[in-house]
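In: Structure for this input, please:
(chains A, B, C and D)
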There are 2 protein chains.
Amino acid sequence: MRTRKTQGKKKKTGRPLSRRGDGGLPAKLLAATEEILREQGLHKFTLREAARRAGVSHGAPAFHFGDVSGLLTAFAAEGYDGMTALMLKYRAEAPKDAMAQLVAVGCAYVDYAIAHRPQFQLMFRSDVIHLDDKRYCETSERTFAQLQETMAPYLPAGASEAEQMAKLMLAWSAVHGFATLYLEKGFHPFYGDDPKPPVSADAKRMLELLNASFLR
Amino acid sequence: MRTRKTQGKKKKTGRPLSRRGDGGLPAKLLAATEEILREQGLHKFTLREAARRAGVSHGAPAFHFGDVSGLLTAFAAEGYDGMTALMLKYRAEAPKDAMAQLVAVGCAYVDYAIAHRPQFQLMFRSDVIHLDDKRYCETSERTFAQLQETMAPYLPAGASEAEQMAKLMLAWSAVHGFATLYLEKGFHPFYGDDPKPPVSADAKRMLELLNASFLR
DNA sequence: ACCAGAACTAGACAGTGTCAAGTTAAAGCG
DNA sequence: CGCTTTAACTTGACACTGTCTAGTTCTGGT
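Out: Residues are numbered from 1 along each chain as shown, chains lettered A, B, ... in the order given. Presented below is the predicted three-dimensional model:
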């Protein structure tokens, strides 16, 4: 009730922003958020530090995002967008058969998680995010839709909707669980303890295994 | 470096604890932690509030846990212990065949996560926990060992160690991912949106499906 | 020329984690 | 018994936080 967003930024002339800005303080704040999260982690993230890095006063973020959760929610939503984009990219580069498409989506999921670790973690941190945020819901559903779409060929047409949903959830669970454990527990099953191996290859082999043994 | 724990509490007579206590301020603090997390969630958890609920001054927790992360780490370690205990319980109640034992472990994993939601979430929140804490590592490894043990019959003896590890990880990923998404995203695949159905049944059906389609 | 409103700034407040120093009471020892 | 040590706290201080409220400045529209 306090997010004074007034209305959209689609007036002809664009908003003026006092003197300095080129128009994008929200964008700057989101960039600062990423910086801080990457450097210090979520527990050391601070609204005021974000404002500092964006070069504005400590009260400025509240105007655009209302809340510290508001800023983080927006950042998480950006994450879903990025992940969806990566899924589409991988799919476009992959062969058109069902298996390759599904692997592409799974790889994008894991790769994005690894490349944007704190953002990915934030995307599922329900205690710090406004789960009912409109943009957050939309972007998150769009990501899920990709998974659903590429899983479709593997869902038996005869089965009940519940059974199909379950299988879909299981696939998502496997990919999500892998990404999570990879990040939070430092698993590198195929390459031992070496911390910086081709992580993407890790994900790919995991997904191949998933396909080989799970999808019939 | 500041956790003045001095040495163990195993002197003959037991420590005196000024006047009030029956000996267990750490235990009280952990109980208070659980209470707060359950009521308010992690983002509203406060060392001082924990101290308040335990009836001590705001500086007291630092003496036993050094740090806010120290307290949370201890609480997370307790969580691994509880989960291990639940696994053993379910396994004891289940038939002795490999499949039933594995299902028991998986069920315990998910059931524990649902029954102790904030604790489970904390157990994997690497940014807020001291990952190198001794007790945390021990308990966490003990939990993992249960999974490894019950998965053993399903790991092909001929395969390389890496391949076995991968399969183990995949199973863990599936169970962990399911629990996580269940909690963070509110999935109830088998019962629609009804928020309070027999959650345990949800988990069981998911695991049956996992067994049926993943484990050959 | 004027006004409404967007996009901030500046100040204040209660509450936080951490630290240093002080306090209390029991344990150990002669 | 008196004396010292030490575990287990308490108290007070500090810098910093999120949020609120009240200005301030600048702009486009009329």
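
In: ok, which stretches of chain A are helices?
Out: A:25-40, A:47-54, A:60-65, A:68-93, A:98-115, A:117-123, A:134-151, A:161-185, A:199-214 (DSSP state H).

In: Any regions of chain A where pLDDT drops low?
Out: Per-residue confidence for chain A (pLDDT under 70) gives these ranges: A:1-23, A:187-203, A:210-216.

In: check whether stretch A:81-95 contacts chain B.
Out: No: on the criterion C-beta under 8 Å from any C-beta of the partner chain, stretch A:81-95 is out of touch with chain B, staying 14.4 Å away. No exception for glycine: its C-beta is placed from N, CA and C like everyone else's.

In: Would you indicate which residues of that stretch are buried?
Out: For stretch A:81-95, burial by neighbour count (16 or more other C-beta atoms under 10 Å in any protein chain shown) applies to A:81-84, A:86-87, A:90-91, A:94.

In: Restrict the residues you listed to those that also contact DNA strand D, please.
Out: For DNA strand D, no contacts are drawn from the buried residues of stretch A:81-95 by C-beta under 7 Å from any atom of the strand.

In: what's the closest of those to chain B?
Out: A:Met83 (14.4 Å; C-beta to the nearest C-beta).

In: Correct me if wrong: the closest one contacts A:Thr143.
Out: Yes: under the criterion of C-beta atoms under 8 Å, A:Met83 makes contact with A:Thr143 at 5.4 Å.

In: so A:Arg38 makes contact with A:Gln121?
Out: No: using C-beta under 8 Å, A:Arg38 makes no contact with A:Gln121, being 11.4 Å away.

In: Settle it for me: which of the two has more neighbours?
Out: Ranked by neighbour count (other C-beta atoms under 10 Å in any protein chain shown), A:Arg38 and A:Gln121 place A:Gln121 first, with 23 against 12.

In: Could you tell me how many residues sit around A:Ala62?
Out: If we define neighbours as other C-beta under 10 Å, then A:Ala62 has 17 of them.

In: For B:Arg117, which of the helices of chain A is the nearest?
Out: Evaluated with C-beta to C-beta, the helices of chain A place helix A:161-185 nearest to B:Arg117, the distance being 15.7 Å.

In: For A:Met123, which residues are in contact?
Out: A:76, A:79-80, A:140 (C-beta atoms under 8 Å, 6 or more residues apart in numbering or on different chains).

In: Quick check: of these, which has the highest neighbour count?
Out: Neighbour-wise, these (other C-beta under 10 Å) top out at A:Ala76, 27 neighbours.

In: just checking, that one touches A:Ile129?
Out: Yes: contact status for A:Ala76 versus A:Ile129: in contact at 5.7 Å, counting by C-beta under 8 Å.

In: Identify the contacts common to the two.
Out: A:122, A:136.

In: Counting neighbours, what do you get for the residue nearest to A:Leu155 when sequence neighbours are not counted?
Out: Excluding the flanking residues, the one nearest A:Leu155 by C-beta to C-beta, 6 or more residues apart in numbering or on different chains is A:Gln164, at 4.4 Å. Neighbourhood size, A:Gln164 [other C-beta under 10 Å]: 19.

In: Look up how far B:Ala104 lies from A:Pro153.
Out: From A:Pro153 across to B:Ala104, the span is 33 Å (C-beta to C-beta, to the nearest Å).

In: swap in A:Ala51?
Out: Taking C-beta to C-beta, one finds A:Ala51 at 51 Å from B:Ala104.

In: A:Gln148 now?
Out: Look at A:Gln148 and B:Ala104: by C-beta to C-beta, they are 31 Å apart.

In: Those two - which one has more neighbours?
Out: Per other C-beta under 10 Å, whichever of A:Gln148 and B:Ala104 has more neighbours is B:Ala104, with 23 against 17.

In: which residues does the more buried one contact?
Out: For B:Ala104, the residues meeting the contact criterion (C-beta under 8 Å, 6+ apart) are B:87, B:90-91, B:93-94, B:150.

In: just A:Thr180 next, same as before
Out: The neighbourhood of A:Thr180, defined by C-beta under 8 Å, 6+ apart, consists of A:113, A:124, B:124, B:173, B:176-177, B:180.

In: Can you add distance to A:Ala98 and give the residues you listed back as JSON lines?
Out: Formatted as JSON lines, the contacts of A:Thr180 follow (distance: C-beta to C-beta, whole Å):
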{"residue": "A:Ala113", "distance to A:Ala98": "23"}
{"residue": "A:Phe124", "distance to A:Ala98": "27"}
{"residue": "B:Phe124", "distance to A:Ala98": "32"}
{"residue": "B:Ser173", "distance to A:Ala98": "22"}
{"residue": "B:His176", "distance to A:Ala98": "26"}
{"residue": "B:Gly177", "distance to A:Ala98": "22"}
{"residue": "B:Thr180", "distance to A:Ala98": "26"}
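
In: Most neighbours out of these, which is it?
Out: Ranking the contacts of A:Thr180 using other C-beta under 10 Å puts B:His176 first, with 27 neighbours.

In: Distance-wise, check the residue lying closest to it once chain neighbours are set aside relative to DNA strand D.
Out: Closest residue in space to B:His176, ignoring its immediate chain neighbours: A:Gly177 at 4.0 Å, by C-beta to C-beta, 6+ apart. Per C-beta to the nearest atom of the strand, to the nearest Å, A:Gly177 is found 30 Å from DNA strand D.

In: What's the separation between A:Gly177 and A:Thr84?
Out: 20 Å.

In: likewise A:Cys107?
Out: From A:Cys107 to A:Thr84 the distance is 14 Å (C-beta to C-beta).

In: Now do the same contact list for the nearest residue to A:Ala159 once chain neighbours are set aside.
Out: Nearest in space to A:Ala159, with sequence neighbours left out and distances taken as C-beta to C-beta, 6+ apart, is A:Lys167 at 7.9 Å. Neighbouring residues of A:Lys167 by C-beta under 8 Å, 6+ apart: A:151, A:154-155, A:159, B:209, B:213.

In: State the pair within the residues you listed that is farthest apart.
Out: Among the contacts of A:Lys167, A:Met151 and B:Leu209 lie farthest apart (C-beta to C-beta), at 13.9 Å.

In: When these two are compared, which one has more neighbours?
Out: The neighbour comparison of A:Met151 against B:Leu209 (other C-beta under 10 Å) goes to A:Met151, with 22 against 18.

In: Test my guess that the more buried one contacts A:Leu170.
Out: No: counting by C-beta under 8 Å, A:Met151 stays clear of A:Leu170, with 9.9 Å between them.
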